[in-house]
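Asker: below is the sequence, then the predicted model.
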Amino acid sequence: MVSPSSNTQTTTPVAVLIDELRSEDVKKKVKSAKHLTTIAAAMGNERTKTELVPFLNEMLEDEDEVLLVLAETIPALADYCGGGALLLPALERLCYAEDIKVRDQAVQGMKKCITKLDFKKSEETIIGIIKRFVQADYHTAKGSASSLIPFVYPQCSSNYQSDLTQIYGLLISDEVPLVRKYAAMNLKDFVKLLPNASETDLASCLKALLKDEQDFVRLYIIDALVAFAKAYSSNANKLNTFVIPVLKTLAEDSTWRTRYTVSDKVVELGQHLGKELNKKYLLPYFIKFLGDAEAEIKTNAATKLADYAILLDVDDIVGKVIPVIKPLASDPIQHVRAALASSILQLCPLIGKKYTNENILSIFLLLLRDEFSDVRLALFKNLDEITKVIDIDSLSQSLLPALTDLAVDKNWRIRAASIEFMSFFARKMGESFLNDKFSKILLEWLHDKVFGVREAAVNCIKSLTEILGGTWTEKVLFPKVAVLQNNTSYLHRQTLLFIIMKLVGLLSQEALAKTAIPVLQSLHKDPVPNVRMNTAKALKMVNPYIKEKSTEKENVKKWLTLLQEDSDPEVKLVAKSP
């Protein structure tokens, strides 16, 4: 390829990019390949067609890193070479690549180019590409074909549609398992074309895949089944004909990974099957999944519990589902119990107060005493659901001790996560919740050795102020946290400054003058530069909220002026910044 003239400044960078395309350095090639459109714009349409595109065709034996970028950028050249037809050969070759990222990107690129073509005029060319893929000895090319066929099918003439359906059937029964896997993965896109595709042929593809001896092929049938259920969601006869038999086979599969796929799609299937078929066929399988011998299936089914229960009658939830989930509360696998804890309380609004008291409360109390903090934490995250039917005061005797345990958990992430529940209880119970015990826990969080916990505690104080009001913070809370200004650790002195910055705008002028100003007076002279720097930030935030022409206002300005002349350059910079 001839480089553009370098006589003008405008083409010099382009010449560099072209030279880098020829480079042996992979990084330079990647950089240049990302700017193919820049090169094409500089070369013009004619030279792009006659020089750049042929040159790119010669680059297709390069490193995967380069090929991936080419697969991404080549389709963008369509506007510079009269459409996508000239680019199809390069993309076709990339569809043979071993690297799946390169291959998938090339297929997507080919789809983009096809959309820019006059399909009727290019139909034979496109079908020819697909046939070459299928006739090749490479599983990679056949996998690309299975992705392209559903894309081009709607635009093809009826004769070619028939050919494509037959070709897909060949891919489904190919002797190479990976080819069958790709066909199974892409079958969902073919099914989405219903009713404009042959339901009989697609159903035959499903049946053939069900008999596949490789479970990693059968894993992908579920997506096509969901697509079938969605297409015929208003036709019970077709659901019975095409969906239910496949559902039964998958749900009773001997390999747990295949059964897992059904448990993972149980909500989507239930939404499309309708109430009657869901209750008759899917519900019994969901109940089996909740008691499956494999922990992964039980865990997955338990996480789907709340969303699936929405599709059921109260009698089915109480009479069929709850008896099965009771044993899960004492399952030996921690993840199963945590999954149950994350969803069980969402059943409460569905079944009402009476059944919650009779069926859920005992499970709730058992999980609340679980030895693993993750289980208890998952339960707390949905507390709002049970309080919709049972008054918080009735639960507080059990909940508050459990919250206390989470607050001092050895895992700092658990401690940090438990802090958000303080706001929940304050909202539900008011000031009475924050007695001496929980005030002490809040102070312990502010002294925690992990910054993430201290930060969560600071945010909690802001939330408590929004819930309980500035007066409560001024008179009850702030006197307890103000002692941090005398703490020997500069980290804890900083924490107090963070609290003040969070409270700005929530406290009245008078309250700020009484609470924040004395602290800032002390800490603007702190020996640690980081503390003085955060004091400067706090002073600037507090300043607009202090009463004009007051002693406090004058002091704030004076302290800021002093910090602007601080010996530490970072403190000085922050104090002077607007």
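Answerer: Now that the structure is in, tell me what you want to look at.

Asker: got the confidence number for S398?
Answerer: Confidence at S398, expressed as pLDDT, is 77.

Asker: what residues sit buried inside the host helix or strand of it?
Answerer: Under the criterion DSSP states H and E, the helix or strand holding S398 is helix 392-407. When burial is assessed from 16 or more other Cβ atoms under 10 Å, helix 392-407 yields the following buried residues: 392, 395-396, 399, 402-403, 406-407. Where you see a C-beta, it was placed from the backbone N, CA and C, and this is true even at glycine.

Asker: likewise stretch 166-173?
Answerer: Burial within stretch 166-173, assessed by neighbour count using 16+ other Cβ under 10 Å, is assigned to 167-169, 171-172.

Asker: cool, and stretch 343-352?
Answerer: 343-348, 350-351.

Asker: what is the rounded mean pLDDT of it?
Answerer: For stretch 343-352, the mean pLDDT works out to 94.

Asker: give me the contacts around it.
Answerer: 302-306, 309-310, 314, 317-318, 322, 325, 356, 359-360, 363-364, 367, 379, 382-383, 385-386, 388-390 (Cβ atoms under 8 Å, 6 or more residues apart in numbering).

Asker: pull the number of nearby residues for M429.
Answerer: By the other Cβ atoms under 10 Å criterion, the neighbourhood of M429 contains 14 residues.

Asker: show me what contacts the nearest residue to it once chain neighbours are set aside?
Answerer: Nearest residue to M429 in three dimensions, chain neighbours excluded: I392, at 6.1 Å (Cβ to Cβ, 6 or more residues apart in numbering). With contact taken as Cβ under 8 Å, 6+ apart, I392 is in contact with 399, 425, 428-429.

Asker: can you put those in a markdown table and add distance to E51 and secondary structure?
Answerer: Rendered in a markdown table, the data for the contacts of I392 read as follows (distance: Cβ to Cβ, whole Å; DSSP: H, G, I helix; E, B strand; the rest coil):
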| residue | distance to E51 | secondary structure |
| --- | --- | --- |
| L399 | 74 | helix |
| F425 | 72 | helix |
| K428 | 72 | helix |
| M429 | 76 | helix |
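
Asker: closest to V571 among the residues you listed?
Answerer: Minimum separation from V571 among these (Cβ to Cβ) is found for F425, which lies at 39.4 Å.

Asker: was I right to think A302 contacts L340?
Answerer: Yes - contact between A302 and L340 holds when scored by Cβ atoms under 8 Å: they sit 4.6 Å apart.

Asker: shared neighbours of those two, anything?
Answerer: Overlap of the contact sets of A302 and L340 (by Cβ under 8 Å, 6+ apart) consists of 325, 328.

Asker: which residue packs closest to T115, ignoring adjacent ones?
Answerer: Residue nearest to T115 in three dimensions, not counting chain neighbours: G84, with 7.9 Å by Cβ to Cβ, 6+ apart.

Asker: how many residues are close by the one you found?
Answerer: A total of 23 residues lie near G84 under the criterion other Cβ under 10 Å.

Asker: wouldn't it be in contact with F119 here?
Answerer: No - with contact defined as Cβ under 8 Å, G84 and F119 do not form a contacting pair (11.2 Å).

Asker: from the buried residues of stretch 166-173, which is closest to A33?
Answerer: Closest approach between these and A33, by Cβ to Cβ: L171, at 31.4 Å.

Asker: give me the nearest residue to the closest one, chain neighbours excluded.
Answerer: In space, and not counting its chain neighbours, L171 is closest to A183: 4.1 Å by Cβ to Cβ, 6+ apart.

Asker: what residues are up against that neighbour?
Answerer: A183 makes contact with 146, 168, 171-172, 174, 205, 209, according to Cβ under 8 Å, 6+ apart.

Asker: JSON lines for those, including pLDDT?
Answerer: Shown next, in JSON lines, are the contacts of A183 (pLDDT from 0 to 100):
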{"residue": "S146", "pLDDT": "95"}
{"residue": "Y168", "pLDDT": "95"}
{"residue": "L171", "pLDDT": "95"}
{"residue": "I172", "pLDDT": "95"}
{"residue": "D174", "pLDDT": "94"}
{"residue": "C205", "pLDDT": "93"}
{"residue": "L209", "pLDDT": "94"}
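
Asker: tell me which entries of the residues you listed lie within strands.
Answerer: With strands identified by DSSP state E, none of the entries of the contacts of A183 belong to them.

Asker: just to revisit the earlier point, which among the buried residues of helix 392-407 gets closest to P54?
Answerer: Proximity to P54 was ranked across the buried residues of helix 392-407 by Cβ to Cβ; first place goes to L406, at 66.5 Å.

Asker: other residues contacting stretch 62-77?
Answerer: The contact list for stretch 62-77, computed with Cβ under 8 Å, 6+ apart, reads 26, 29-30, 33-34, 36-37, 40, 48, 52-53, 56, 59-60, 84, 87, 90-91, 94, 97-99, 101-102, 105-106, 108-110, 112-113.

Asker: which of the residues you listed are buried, as a PyMOL select command?
Answerer: To isolate the buried members of the contacts of stretch 62-77 in PyMOL, using 16+ other Cβ under 10 Å:
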select buried, resi 29+30+33+36+40+48+52+53+56+60+84+87+90+91+94+97+99+102+105+106+108+109+110+112+113
